[in-house]
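Visitor: sequence isn't available, so here's the structure alone:
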C-alpha cells in the first residue's frame with residue numbers, strides 16, 4: 001500500500017518581534033502556532049509547542065534584536081524543541097542576523113562571531129536559514145546548510161520611484177556599500193556618488209567622513225546602507241553632502257537598530273527623511289517624525305512559501321537578491 005504524506009507548514013515566532021511574524025502569517029494565510037515561551041526565575045528560557053510538530057515543515061521566525069544574546073538563545077531553544085518534536089524540516093527565519101558585522105578578523109586576537117552564530121544554529125538542528133540583507137554576502141558561506149539571502153531592495157526601490165526626485169543621486173556612505181549603491185543607481189537609472197569615511201583607530205562607533213567622490217551640487221541625495229545603528233555613518237555622510245552642495249539628503253537602510261545616540265544625531269542632522277524596514281521592532285519612542293517604516297513581511301512570506309513548495313526564491317527578486 002502506497003501512501004502520500006500530507007505536507008504541513010508550521011510558522012512559529014519568538015518574542016522579539018511578534019508583530020512582523022503576525023504580518024508574515026497573514027500574508028501566508030496561516031495562523032501562528034503557540035510556542036509558550038517562558039522564563040525561570042534565574043532567566044533560563046523554556047519553550048513548549050502546544051500542537052504536534054511531527055513531520056511538519058517548521059519556520060521559526062526570530063529577528064536578532066536587542067538584547068541580541070537573548071534573541072539568539074531563544075531561537076536556538078525553539079529549534080531544539082522542534083527537532084526533539086520530530087519536525088521534518090526546520091528553517092530559521094532571521095530577518096536581522098545578529099553579529100553580522102563581526103564577519104572577519106580586522107585585527108589580531110579577534111573572533112569571527114557571525115560564523116559562531118552560524119555554527120550554533122547548525123548545532124541546534126537548523127536545516128535552512130532565511131535572512132534579509134546580510135551585512136556581507138560571505139556570511140552565507142559560514143553555513144553548511146542552504147541560506148536564502150533576501151533583500152529589501154524591491155520595497156525600498158518602489159518607495160524611491162514613487163517619492164524620489166528625478167535627479168536623485170544615490171550615495172554609498174563608505175567603500176563597502178559601493179556595490180549595493182551602484183545596483184540601486186542602475187535600477188533607478190540615476191547617478192552614483194561615494195562618501196569616503198574612516199574609523200578613528202581603536203574605535204567602533206565613531207566615524208569621520210572625509211570626502212565626497214562624485215557630483216552632488218544642486219541635487220537631492222539618498223544614502224543607501226544596510227543598517228543604522230548609532231547613525232554615525234549616515235549623519236557624517238549627510239554633513240559632507242550638504243557641504244558639497246546637496247539640496248536635500250535622505251537616509252535609507254534595511255535594519256533600524258537605532259542605538260543611543262542615534263535619535264539625537266538624526267534629529268540634529270541635515271537628513272530630512274529616514275526610510276527603514278520593519279526587520280527590527282521599533283517602539284513608539286524611536287519613531288521620530290523623520291522616520292518612515294516600510295514592511296518586508298510580503299517578501300519574507302513569499303520566500304517562506306517558495307521554500308515550502310520547493311520553488312525558486314531568487315525568481316521572487318528576478319535574480320536581483322545578491323545586492
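Guide: Ah, there it is. Remember, it's a predicted structure, so these values are computed and weren't measured experimentally.
Visitor: now do the SS call for the closest residue to residue 128 other than its chain neighbours.
Guide: Among residues not flanking residue 128 along the chain, residue 91 sits closest, at 4.3 Å (Cβ to Cβ, 6 or more residues apart in numbering). In this view, the C-beta of every residue, glycine as well, is placed from N, C-alpha and C. What DSSP: H, G, I helix; E, B strand; the rest coil gives for residue 91 is strand.
Visitor: how much space separates residue 91 from residue 130?
Guide: Using Cβ to Cβ, to the nearest Å, residue 91 is found at 6 Å from residue 130.
Visitor: comparing those two, which residue is more hemmed in?
Guide: residue 91 (26 against 23; other Cβ atoms under 10 Å).
Visitor: so the more buried one touches residue 129, yeah?
Guide: Yes: between residue 91 and residue 129 a contact is recorded at 7.1 Å, counting by Cβ atoms under 8 Å.
Visitor: burial of the residue lying closest to residue 188 once chain neighbours are set aside, as a residue count?
Guide: Nearest residue to residue 188 in three dimensions, chain neighbours excluded: residue 160, at 6.1 Å (Cβ to Cβ, 6+ apart). Neighbour count of residue 160, defined by other Cβ under 10 Å: 20.
Visitor: any buried residues in stretch 299-309, and which?
Guide: Using 16 or more other Cβ atoms under 10 Å as the test for burial, stretch 299-309 gives 299-308.
Visitor: joint contacts of residue 91 and residue 130?
Guide: Common neighbours of residue 91 and residue 130 (criterion: Cβ atoms under 8 Å, 6 or more residues apart in numbering): 59, 304, 307.
Visitor: filter those down to just the ones in strands.
Guide: residue 59 (DSSP state E).
Visitor: got the contact list for residue 242?
Guide: 249, 270.
Visitor: can you read off the pLDDT for it?
Guide: With respect to pLDDT, residue 242 scores 97.
Visitor: let me see the backbone angles for it.
Guide: phi -60, psi -40 (degrees, to the nearest 10).
Visitor: same question for the one 10 residues further on.
Guide: In terms of degrees, to the nearest 10, the main-chain angles of residue 252 are phi -140, psi 130.
Visitor: so the residue nearest to residue 128 bridges to which residues?
Guide: residue 59, residue 128 (DSSP bridges).
Visitor: distance of it from residue 70?
Guide: In terms of Cβ to Cβ, residue 91 sits 21 Å off from residue 70.
Visitor: do residue 55 as well
Guide: 30 Å.
Visitor: residue 312: neighbour count?
Guide: 10.
Visitor: who's in contact with the closest residue to it other than its chain neighbours?
Guide: Ranked by Cβ to Cβ, 6+ apart and with sequence neighbours excluded, the top spatial neighbour of residue 312 is residue 306, at 6.4 Å. Listed by Cβ under 8 Å, 6+ apart, the contact partners of residue 306 are 312-313, 315-316.
Visitor: switch the cut-off to 7 Å
Guide: 312-313, 316 (Cβ atoms under 7 Å, 6 or more residues apart in numbering).
Visitor: mind listing what's buried in stretch 10-29?
Guide: 10-14, 16-17, 20-25, 27-28.
Visitor: no no, stretch 239-257
Guide: So for stretch 239-257, counting by 16+ other Cβ under 10 Å, buried means 240-242, 244, 246, 248-257.
Visitor: you'd agree residue 263 is up against residue 289?
Guide: No: counting by Cβ atoms under 7 Å, residue 263 does not reach residue 289; the two are 11.1 Å apart.
Visitor: the more surrounded of those two?
Guide: residue 263 (18 against 8).
Visitor: shouldn't that one be within a helix?
Guide: Yes: assessed by three-state DSSP, residue 263 belongs to a helix.
Visitor: what about it, distance to residue 279?
Guide: Residue 263 is 18 Å from residue 279, by Cβ to Cβ.
Visitor: one more: residue 126?
Guide: When residue 126 is compared with residue 279 (using Cβ to Cβ), they lie 19 Å apart.
Visitor: and the helices in this protein?
Guide: 18-28, 68-84, 113-124, 153-163, 178-188, 232-243, 262-268, 297-308 (DSSP state H).
Visitor: how about CSV for those, with distance to residue 196 added?
Guide: Shown next, in CSV, are those (distance: least, Cβ to Cβ, whole Å):
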stretch, distance to residue 196
helix 18-28, 35
helix 68-84, 30
helix 113-124, 25
helix 153-163, 24
helix 178-188, 11
helix 232-243, 9
helix 262-268, 20
helix 297-308, 32
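Visitor: which one, of those helices, ends up nearest to residue 215?
Guide: Nearest to residue 215 among those is helix 232-243; the distance by Cβ to Cβ comes to 11.3 Å.
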